[in-house]
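> Give me a model of this one.
(one chain, ligands or ions: 1)
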Amino acid sequence: MKFLVLYSTVEGQTRKIAEAVASHIETLGHFVELTDTNQVGFADPGTGDGAILCAPVHIGRYPSAFVHFLQNWKSILNNIPTAFISVSLSIASTDEAEKAEARAYPVTLCEQTGWKPKTVLHCAGALKYSEYDFFKRWMLKRIAAAENGPIDARQDYELTNWTEVKRFVDDFINDINTDKG
Ligand SMILES: Cc1cc2nc3c(=O)[nH]c(=O)nc-3n(C[C@H](O)[C@H](O)[C@H](O)COP(=O)(O)O)c2cc1C
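Numbers count the residues shown, from 1 in each chain. Below is the predicted model:
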């Protein structure tokens with residue numbers, strides 16, 4: 001089978017997740033096309049047997065280029081099985097209200113765009129304090145503190161659970177195979 005892995009990223013962690021998804025799909029013996037949705041004018045996203053889309057939450061929303069991409073291609077995406085990996089910090093929170101907020105982001109996105117993924121993974125991203133400017137570092141320390149997350153900005157933190165990402169991909173592909181009979 002052929003799968004599309006479409007992603008949007010701001011700081012790079014979602015690209016890393018999309019690359020891990022793509023290479024896992026390849027190890028399962030399938031073809032993959034990995035594309036950044038911020039690049040315009042690439043091939044029709046409907047040319048795969050399924051698609052996994054990945055995007056991060058920044059200040060309570062997904063990148064606007066990603067939202068526009070979904071608005072443009074939703075009819076084609078809704079014709080093939082699709083899955084969404086929503087990357088955020090709040091999903092790693094110990095606070096239930098913060099987690100609930102993370103779970104609500106994809107619901108709003110789907111309402112806003114009309115895209116209907118079959119399944120969603122809420123995936124923790126990364127805190128790259130060393131790469132942020134002063135303002136971002138200050139903001140992210142505040143966000144992390146609200147979530148009982150790591151606030152020692154002398155180091156970076158990768159909170160992504162790679163085993164969970166691979167399992168999500170396995171389940172998505174197995175479901176497609178089951179549906180095909
Ligand atoms: C400026 C900024 C704002 C962020 N805002 C949120 C937020 O509102 N909620 C949240 O859960 N995570 C937030 N995060 C955490 C990101 O979702 C996380 O760092 C993710 O790994 C970023 O993905 P990317 O590297 O692909 O851009 C924010 C991160 C940054 C840098």
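
> Please give me every residue in contact with the closest residue to residue 2 other than its chain neighbours.
Spatial nearest neighbour of residue 2, chain neighbours left out: residue 31 (4.2 Å); criterion: Cβ to Cβ, 6 or more residues apart in numbering. Using the backbone N, CA and C atoms, a C-beta is placed for each residue, glycine as well. Each residue near residue 31 by Cβ atoms under 8 Å, 6 or more residues apart in numbering is listed here: 1, 2, 3.

> got the residues you listed as TSV, with secondary structure and pLDDT columns?
Formatted as TSV, those follow (DSSP: H, G, I helix; E, B strand; the rest coil; pLDDT from 0 to 100):
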residue	secondary structure	pLDDT
1	coil	94
2	strand	95
3	strand	96
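
> Next one, pLDDT for the residue nearest to residue 2 please.
Note for residue 31: predicted pLDDT of 96.

> Tell me how far it lies from residue 179.
Per Cβ to Cβ, to the nearest Å, residue 31 is found 19 Å from residue 179.

> same thing with residue 65?
Residue 65 is 31 Å from residue 179, by Cβ to Cβ.

> Of the two, which one has the most company?
Between residue 65 and residue 179, counted using other Cβ atoms under 10 Å, the more crowded position is residue 65 (14 against 9).

> Assign a three-state SS to the more buried one, would you?
What DSSP: H, G, I helix; E, B strand; the rest coil gives for residue 65 is helix.

> and the nearest residue to it once chain neighbours are set aside, helix, strand or coil?
With Cβ to Cβ, 6+ apart as the criterion, residue 65 has its nearest non-adjacent residue at 4.7 Å, and that residue is residue 38. When classified by three-state DSSP, residue 38 comes out as coil.

> show me what contacts residue 38?
Neighbouring residues of residue 38 by Cβ under 8 Å, 6+ apart: 8, 63, 65, 66.

> From what I see, the second one and residue 7 are in contact.
No: Residue 63 sits out of contact with residue 7 when judged by Cβ atoms under 8 Å, with a separation of 10.1 Å.

> How far does stretch 139-147 sit from its chain's centre?
With Cα atoms, centre = their mean, to the nearest Å as the basis, stretch 139-147 stands 20 Å off its chain's centre.
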